[in-house]
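# okay, sequence plus prediction incoming.
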Amino acid sequence: MHTRTKILFSTLVLLGALAVPELALRLWKGPPRCSPYERLLAASAQGGGTDRSTPMPWDPWLLWGLLPNFEGMNLGVPVKHNALGLRSPQLPTEKAMGERRVLLLGDSTLYGHGVPEGDTIRSRLEVALRTASGNPNVQVISMGVPGYSSLQSLHQYRRLGRPLSPDIVVHGGIWSDAMPDRFEDKVLMEGADGAAQVRHLARSLEERLAPHSALYCNLKGLLSPPELACEAAGPLCDTPASHRAIRFQTVSQPGSPSVATQARVSLADYEGAYDTLAELAQQDGAGMVVLQLAHSRDLGQPVPTPPDAAATAAYRKVQRDFCARTGVACVDMVADFQQSALGFPALFLDPVHPTALGHARMAEQLSAAILADPELSRRLQP
């Protein structure tokens, strides 16, 4: 037999050998069901989560993400995630005629931690832009995830944001970048030793096999018992007793000042993330806005926890310099909150998370900045 014929014959034999157990398992156990999130969703539906934080499964590209199709509570308010794991209504990838999309990238502030859906910056900004632009087809999509740094948001934009064809990209994130911790985002997401690339490949294969192969699902069940299924490295595994029912494939924001060694994202990498995001947005034909978040410390509230005032000032300077250098609009919520004279209890739930009133002010200022910029305003027109 010629070599090519041998290879073809061997391939057919192998496919036949796999097809028999695949068919048998489908007949015995039904269609394959083993997405990376299925057991986590089942556990959260049985009350395995916590009221304060939604489940965040490990993700090889982003370190963690929101649980897709989740419905539950977050700091006492109901939250709902769509199929992409975003706290936003479900949208098709393709835009409808005349539809315009605004993406919000950032951390738990952009997620709306502790704020009812109708009061979040996403909901309020969407209403404001639809009204002011005269286009009822403006969609605001929140891609905010608790604990996200600028590097995570950048990778998230590459993976989830670009396929949505945004017209305007808003980034508001600083606290996770400046936070001293025991890991660096870049090392875990892009590691130079090739481990990150291996994890990416493994998850890519899983995403393709899990919905279609009963054989794969059963082998995974045998080889990955729940107690061993936390795939994240070292400090990212979540083990508190309150999370024990859903601890597999789940992460939390690890961190303890006593073991922190460096900021999660260096100032140089923070600047680089902004430059890269602006470049990608331009390639996608989208405008960009930087939302500069306020801290309760800006209102005179004594907060001893990190990031300290010096670190905050350094990262804010990077934001201002970026806006001055590129001409990107910067929305300064520090000045707005200070000028409001409303004070800490009215504007903050805790040191960094704004109240519903704080979200209303952020949406108002962001909407005004977009509409005042002729180029950004033009992008909202059908």
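Thanks, I have it. Numbers count the residues shown, from 1 in each chain.

# avg pLDDT for the helix ranked longest in the chain?
Taking DSSP state H as the criterion, the chain has its longest helix at helix 3-29. Regarding helix 3-29, the rounded mean pLDDT is 72.

# please name every helix or strand in contact with it.
Packing partners of helix 3-29 (3 or more C-beta pairs under 8 Å, 6 or more residues apart in numbering; DSSP states H and E): helix 214-223. Bear in mind the C-beta positions are built from the backbone N, C-alpha and C, glycine included.

# tell me the angle the helix it packs on makes with helix 3-29.
70 degrees (axes from the mean of the first three to the mean of the last three C-alpha atoms, to 10 degrees).

# residues touching Ala309, list them.
Arg297 (C-beta atoms under 8 Å, 6 or more residues apart in numbering).

# what ranges do the strands span in this protein?
Ranges of strands in the chain, per DSSP state E, are 58-59, 63-64, 71-74, 77-80, 100-106, 138-142, 168-172, 180-181, 262-263, 287-292, 329-332.

# what's the closest of those to Tyr270?
Taking C-beta to C-beta, strand 262-263 is the member of the strands of the chain nearest to Tyr270, at 8.5 Å.

# can you list the domains in this protein?
29-81+189-253, 91-182+258-379 (automatic domain parsing).

# please look at Asp107 and Ser142 and confirm they touch.
No - contact criterion C-beta atoms under 8 Å: Asp107 and Ser142 do not qualify, at 11.2 Å.

# and the strands of the chain: which comes nearest Thr120?
If we rank the strands of the chain by C-beta to C-beta, the stretch that ends up nearest is strand 138-142, at 7.0 Å.

# could you pull up the mean pLDDT of stretch 288-308?
For stretch 288-308, the mean pLDDT works out to 91.

# using PDB, list the CA coordinates for it.
Taking C-alpha atoms only, stretch 288-308 is exported to PDB below (Å, rounded to 0.1, in the frame of the first residue of the first chain):
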ATOM      1  CA  MET A 288     -13.000  55.600  22.300                       C
ATOM      2  CA  VAL A 289     -13.700  57.300  25.700                       C
ATOM      3  CA  VAL A 290     -11.800  57.000  29.000                       C
ATOM      4  CA  LEU A 291     -14.000  57.100  32.100                       C
ATOM      5  CA  GLN A 292     -11.900  58.300  35.100                       C
ATOM      6  CA  LEU A 293     -13.500  56.700  38.200                       C
ATOM      7  CA  ALA A 294     -13.800  58.400  41.600                       C
ATOM      8  CA  HIS A 295     -12.700  57.000  44.900                       C
ATOM      9  CA  SER A 296     -14.400  57.700  48.300                       C
ATOM     10  CA  ARG A 297     -11.000  59.100  49.300                       C
ATOM     11  CA  ASP A 298     -11.600  61.900  46.800                       C
ATOM     12  CA  LEU A 299     -14.500  63.000  49.000                       C
ATOM     13  CA  GLY A 300     -12.400  63.200  52.100                       C
ATOM     14  CA  GLN A 301     -13.300  59.700  53.400                       C
ATOM     15  CA  PRO A 302     -10.300  58.200  55.200                       C
ATOM     16  CA  VAL A 303      -9.500  54.800  53.500                       C
ATOM     17  CA  PRO A 304      -6.300  53.000  54.600                       C
ATOM     18  CA  THR A 305      -6.700  50.100  52.200                       C
ATOM     19  CA  PRO A 306      -4.800  49.900  48.900                       C
ATOM     20  CA  PRO A 307      -4.400  51.300  46.400                       C
ATOM     21  CA  ASP A 308      -3.100  54.300  48.300                       C
END
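
# list the buried residues in it.
288-299, 303, 306-307 (16 or more other C-beta atoms under 10 Å).

# please apply the same query to stretch 325-337.
Under 16+ other C-beta under 10 Å, the buried positions of stretch 325-337 are Val328, Ala329, Val331, Asp332, Met333, Val334, Asp336, Phe337.

# swap in stretch 205-215?
Result for stretch 205-215 [16+ other C-beta under 10 Å]: buried residues Glu206, Leu209, Ala210, Ser213, Ala214, Leu215.

# gap between the third one and Asp350?
Plainly put, Ala210 is 38 Å away from Asp350 if you go by C-beta to C-beta, to the nearest Å.

# quickly, which of the domains of the chain bottoms out on average pLDDT?
For the domains of the chain, mean pLDDT drops lowest on domain 29-81+189-253, to a mean of 65.

# quick one, what contacts Ala360?
Asp119, Arg124.

# wait, Pro163 sits on Thr93?
Yes - between Pro163 and Thr93 there is a contact at 5.5 Å, judged by C-beta under 8 Å.
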